[in-house]
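Student: return atomic coordinates for the entry below.
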Amino acid sequence: MVATTTLYHKRLQNVIDHIYQHLDQPLDLNRLADIACMSSYHWHRVYQGIYGESIVSTVRRLRLHRAAGDLVNSDQAISSIAKASGYSSVQAFNRVFNEYYGSPPAKYRLLGSHQELQLLINKPEQGNFAMSHPQVSIKQIEAFDVIALNHTGSYMNIGNAFEKLLGWVGMNGLFANTQKMVGIYYDDPDSVAEPDLRSAACVELSNCETPSLTAHMHQQTIGGGQYAVLQHKGPYADLKSAYQYLYSVWLVNSDVEVADAPCFEIYLNNPREVAPTELLTEIYLPLAHSKST
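Tutor: Here you go, the predicted structure:
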């Protein structure tokens, strides 16, 4: 039984890798079945049973996630983003993006929630702090253990590691034991080349015996202590602006210093279950001591 579970997991990991590597291209479901080494009659049901959504939904979600990142973090033409997302017309892309993100691409680029943070970063004195000031609090947390799968490359693509990790959770019937989904980010994307960025997709489990880990997975401990915590509501593509605010506005005006440990994020809801505008993410910035001490 364990050998069969591991085999299915490995096959579907290959499918996830193929999807991420070919998001710009039409994805042939029969080709994906070949990569999964499963019958085209059955593999969709196996995938949905493990991942909790259809392969078509996964591909659409990942393409739109990348499109949102391109809209926020680049000046690419919307027509180019639409084409790379698999849409033959801008109109079709606009319609689907609007359904997911609550506004058409052009409006999202100009008026998305990332722009509220940019106002506070660039001109904090003009920000309406009563309405738009991000809520940052200081929390003391206990150390906790996670199962981690490392990722190297763009932080926007850490979803590749999360998809594989969730596949392992589903294969072992552990969704009911999942306490937290956590992302650890080791490098500054403004000072480390994108292909070299290091991160880890993690899950905290409780009340269960840890099953055998697959290749590249490991157990690690996230340290306890004091953290500055910013809760962000909105698409993951906007998190870059949230980090900029946390460092360039909040931290420099606080009386704390950062500790020699990486930031991590806790994801409070599931992108498969809620709209991107409703996603809740807590960013944890480790603290050392106050500047006055």
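
Student: C-alpha from now on. contacts and neighbour counts both.
Tutor: Fine.

Student: helix or strand right after the helix or strand of the chain with the lowest mean pLDDT?
Tutor: In the chain, no helix or strand scores lower on mean pLDDT, DSSP states H and E than helix 129-132, which sits at a mean of 39. Using DSSP states H and E, the next helix or strand after helix 129-132 towards the C-terminus is strand 136-141.

Student: and the next helix or strand after that following strand, which strands flank it?
Tutor: Downstream of strand 136-141, the next assigned helix or strand under DSSP H and E is strand 144-152. Partners of strand 144-152 in the sheet, by DSSP bridges, are strand 198-205 (antiparallel), strand 217-222 (antiparallel).

Student: what sits up against strand 144-152?
Tutor: With C-alpha atoms under 8 Å, 6 or more residues apart in numbering as the test, strand 144-152 has contacts from 158, 161-162, 165, 195-205, 216-224.

Student: what helices and strands are in contact with the helix or strand that it is followed by?
Tutor: Downstream of strand 144-152, the first helix or strand assigned by DSSP H and E is helix 159-171. If you count contacts as 3 or more C-alpha pairs under 8 Å, 6 or more residues apart in numbering; DSSP states H and E, helix 159-171 packs onto helix 2-21, helix 43-51, strand 144-152, strand 198-205.

Student: which element, helix or strand, includes Met38?
Tutor: Assigned by DSSP H and E, Met38 falls within no helix or strand.

Student: same question but for Leu27, I mixed them up
Tutor: With DSSP H and E as the criterion, the answer for Leu27 is that it lies in no helix or strand.

Student: list phi and psi for it.
Tutor: Here is the backbone geometry of Leu27 (degrees, to the nearest 10): phi -100, psi 110.

Student: with adjacent residues omitted, what lies nearest to it?
Tutor: Leaving aside its sequence neighbours, Leu27 sits nearest to Ile19 (C-alpha to C-alpha, 6 or more residues apart in numbering; 7.6 Å).
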